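*Asks:* model this:
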Amino acid sequence: MTSSNPLRNDELQAYWMPFTPNKAFKAKPRLLESAAGLYFTTDDGRQVIDGSSGLWCSALGHGHPKVTEAIREQAGKLDYSTAFGFGHRPAFELANVVADVMPGSLDHVFFTNSGSESVDTALKIAIAYHRLKGDASRTRLIGRFNGYHGVGFGGISVGGMVNNRKFFGSLLPGVDHMPFPYDPATMAFTNGQPETGAAYADELENLVKLHDASTIAAVIVEPVVGSAGVFIPPIGYLERLREITAKHGILLIFDEVITAFGRLGYASAAERFKVEPDIITTAKAINNGTVPMGAVIVQKRIYDTFMDETKGGVELFHGYTYSAHPLAVAAALATQKVFKEEGVYENVQTLEPHFGAAAHGLKTAKHVTDIRNLGFMSAFTVAQRDGVLGARANDVFLKAFEMGLKVRLSGDHIAIAPPLVSDKAHIDRIFNLFAETLAAVD
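*Replies:* Residues are numbered from 1 along each chain as shown. This is a model prediction of the structure:
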């Protein structure tokens with residue numbers, strides 16, 4: 001269903017929308033007017049339940065009063081402060097809060113404004129770290145096919161989603177990719193981690209043999225693949241990547257822009273999988289998506305190398321005008337406090353079995369060829385129509401919105417990842433609406 005009172009088409013033209021078929025959208029716009037709790041209200045007054053946490057970021061739902069009030073209060077006190085040569089006390093407080101919930105020695109935090117910026121920051125830190133250590137030849141970066149690491153040139157270079165890469169030239173030099181750790185013949189309809197597939201990690205050893213470890217700075221992976229369609233790592237896969245990178249002195253970066261801060265029931269996927277990387281990139285749920293923000297968390301030895309090996313002056317020539325923006329920091333402090341006080345992570349842990357059962361209850365639904373899930377993440381692969389990528393899935397996406405459910409579309413995959421404060425009734429409503437949607441699409 002589209003708005004009954006849409007803007008005139010000419011009023012829509014100035015805004016070049018991201019990751020959106022602009023012509024199609026502006027012909028039949030879907031406009032959101034407000035949001036509260038788990039629901040959006042469209043401009044024609046319909047209630048639409050948020051089955052994708054905004055864009056994976058609204059972990060507490062929308063308009064949480066403690067987060068809203070923190071932003072209001074901060075705006076009236078200190079609306080902006082440069083992070084270049086100056087600081088404001090809450091930024092240091094937030095860095096300590098984030099460090100405290102990260103595993104092991106991941107205890108130094110660099111603030112950014114998005115997941116894309118977090119990834120490019122992490123890649124630069126990795127290369128500079130090796131240079132400071134006397135290993136200036138370690139400049140090569142290794143990503144993974146189907147990986148998504150934002151839209152900066154670094155991120156799309158190590159990323160492996162074709163449409164994000166093919167329009168933009170040769171990208172960064174010295175980048176290679178591991179294979180995608182998924183086999184539909186053996187992993188389809190897995191509830192949780194697939195039992196087989198750890199051997200996919202061994203391809204990293206082949207890349208090390210090809211390029212030599214002395215040229216490789218870092219390996220970057222999403223612990224759970226998000227944007228490409230929620231693919232769960234096989235048991236032992238991440239552990240094997242950690243073993244190989246540690247053996248060869250290669251930094252391991254977990255891109256946790258989606259998984260950090262509760263999506264899997266823990267502050268990080270690293271904690272859930274008990275695999276400690278050298279660097280973690282985050283954004284999205286760090287402050288409930290209310291003000292643009294990201295963060296890169298690094299091991300103590302990495303931070304110490306910059307402090308010890310740089311003789312005076314700026315240790316890292318990198319940063320952003322809006323790093324540790326006061327409003328973003330205030331929202332993050334409030335969000336992190338709510339996570340703890342309201343038992344948000346524990347809610348995900350408790351309801352994960354119900355969430356998984358609800359998702360797999362649609363195994364025999366029309367058009368569904370695979371279901372994958374972990375924590376409050378799930379995705380459905382929808383059978384193609386006439387061999388056209390995404391054609392039927394796009395119809396499912398549009399029909400879901402018409403029926404009062406917002407989901408996430410990615411190629412032939414539909415992701416469902418509701419706010420972490422969802423209860424059983426919310427989960428049941430979301431999957432019931434999705435079942436009705438699938439039944440209504442040819």
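*Asks:* for the stretch 201-350 of the chain, what spans make up the helices?
*Replies:* 203-211, 237-247, 269-273, 300-309, 326-341, 344-360 (DSSP state H, counting those that start in this stretch).
*Asks:* dump those to CSV, plus mean neighbour count and mean pLDDT.
*Replies:* Quick note: C-beta positions are derived from backbone N, CA and C, even for glycine. Below are those laid out as CSV (neighbours: other Cβ atoms under 10 Å; pLDDT from 0 to 100):
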stretch, mean neighbour count, mean pLDDT
helix 203-211, 15, 98
helix 237-247, 19, 98
helix 269-273, 22, 98
helix 300-309, 15, 98
helix 326-341, 22, 98
helix 344-360, 18, 98
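*Asks:* can you put those in JSON lines and add distance to residue 141?
*Replies:* Formatted as JSON lines, the helices of the stretch 201-350 of the chain follow (distance: least, Cβ to Cβ, whole Å):
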{"stretch": "helix 203-211", "distance to residue 141": "11"}
{"stretch": "helix 237-247", "distance to residue 141": "12"}
{"stretch": "helix 269-273", "distance to residue 141": "20"}
{"stretch": "helix 300-309", "distance to residue 141": "16"}
{"stretch": "helix 326-341", "distance to residue 141": "28"}
{"stretch": "helix 344-360", "distance to residue 141": "32"}
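*Asks:* closest to residue 441 out of those helices?
*Replies:* Nearest of the helices of the stretch 201-350 of the chain to residue 441, taken as Cβ to Cβ: helix 344-360 at 17.9 Å.
*Asks:* for the closest one, name the packing helices and strands.
*Replies:* Other elements packing on helix 344-360 under the criterion 3 or more Cβ pairs under 8 Å, 6 or more residues apart in numbering; DSSP states H and E are strand 368-374, strand 377-382, helix 424-440.
*Asks:* hmm, 6 Å instead?
*Replies:* strand 368-374, helix 424-440 (3 or more Cβ pairs under 6 Å, 6 or more residues apart in numbering; DSSP states H and E).
*Asks:* domain ranges for the chain?
*Replies:* The record's domain parsing of the chain by automatic domain parsing lists 31-63+343-440, 69-341.
*Asks:* sorry, back to before: for residue 62, find the nearest of the helices of the stretch 201-350 of the chain.
*Replies:* Of all the helices of the stretch 201-350 of the chain, helix 326-341 sits nearest to residue 62, with 12.6 Å by Cβ to Cβ.
*Asks:* in this structure, which residue is most central in space?
*Replies:* Taking Cα atoms, centre = their mean, the centroid of the chain lies closest to residue 258, which sits 2.3 Å from it.
*Asks:* picking that back up, just name the most buried of the helices and strands packed on helix 344-360.
*Replies:* strand 368-374 (a mean of 22; mean count of other Cβ atoms under 10 Å).
*Asks:* that one versus helix 344-360: what angle between them?
*Replies:* 160 degrees (axes from the mean of the first three to the mean of the last three Cα atoms, to 10 degrees).
*Asks:* just the CA atoms of strand 368-374, as CSV, please.
*Replies:* Below are the C-alpha coordinates for strand 368-374, written out as CSV (Å, rounded to 0.1, in the frame of the first residue of the first chain):
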residue,chain,number,x,y,z
VAL,A,368,11.0,-20.3,0.9
THR,A,369,14.2,-22.2,-0.1
ASP,A,370,16.3,-21.6,3.1
ILE,A,371,16.1,-20.1,6.6
ARG,A,372,19.0,-19.1,8.7
ASN,A,373,19.1,-17.6,12.2
LEU,A,374,21.1,-16.8,15.3
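*Asks:* right, and residue 176 touches residue 142 too?
*Replies:* Yes. Counting by Cβ atoms under 6 Å, residue 176 sits close enough to residue 142 to count as a contact (5.2 Å).
*Asks:* these two: which has the busier surroundings?
*Replies:* residue 142 (24 against 16; other Cβ atoms under 10 Å).
*Asks:* which residues does that one contact?
*Replies:* Shown in contact with residue 142 (Cβ atoms under 6 Å, 6 or more residues apart in numbering): 176, 207, 219.
*Asks:* quick revisit: for the residue nearest to the centre of the chain, which non-adjacent residue is closest in space?
*Replies:* The shortest distance from residue 258 to any non-neighbouring residue, by Cβ to Cβ, 6 or more residues apart in numbering, is to residue 226 (3.9 Å).
*Asks:* okay, now that neighbour: neighbour count?
*Replies:* Neighbour tally, residue 226, other Cβ under 10 Å: 26.
*Asks:* shared neighbours, residue 176 and residue 142?
*Replies:* Common contacts of residue 176 and residue 142 (Cβ under 6 Å, 6+ apart): residue 207.
*Asks:* look up how far residue 355 lies from residue 430.
*Replies:* Residue 430 sits 9 Å away from residue 355, going by Cβ to Cβ, to the nearest Å.
*Asks:* check residue 184 too.
*Replies:* Separation of residue 184 from residue 355 (Cβ to Cβ): 22 Å.
*Asks:* do the same with residue 137
*Replies:* Distance from residue 137 to residue 355, by Cβ to Cβ: 46 Å.
*Asks:* ditto for residue 83
*Replies:* Counting by Cβ to Cβ - residue 83 and residue 355 are separated by 38 Å.
*Asks:* same question for residue 306.
*Replies:* 41 Å.
*Asks:* just give me the neighbour total for residue 87.
*Replies:* 12.
*Asks:* now it. Its backbone dihedrals?
*Replies:* For residue 87, the backbone dihedrals are phi -150, psi 160 (criterion: degrees, to the nearest 10).
*Asks:* how far does the worst-scoring helix or strand of the chain on mean pLDDT sit from the chain's center?
*Replies:* In the chain, no helix or strand scores lower on mean pLDDT, DSSP states H and E than helix 9-12, which sits at a mean of 84. Helix 9-12 sits 32 Å away from the centroid of its parent chain (Cα atoms, centre = their mean, to the nearest Å).
*Asks:* residues of it that come out buried?
*Replies:* Going by neighbour count (16 or more other Cβ atoms under 10 Å), the buried part of helix 9-12 is residue 12.
*Asks:* now do stretch 93-113, average pLDDT.
*Replies:* Stretch 93-113 shows a mean pLDDT of 98.
*Asks:* for it, buried residues please.
*Replies:* Buried residues in stretch 93-113 (16+ other Cβ under 10 Å): 94-95, 97-99, 101-103, 106-113.
*Asks:* residues in contact with it?
*Replies:* 118, 121, 267, 270-271, 276, 292, 294-300, 303, 320, 322-324, 329, 332-333, 336.
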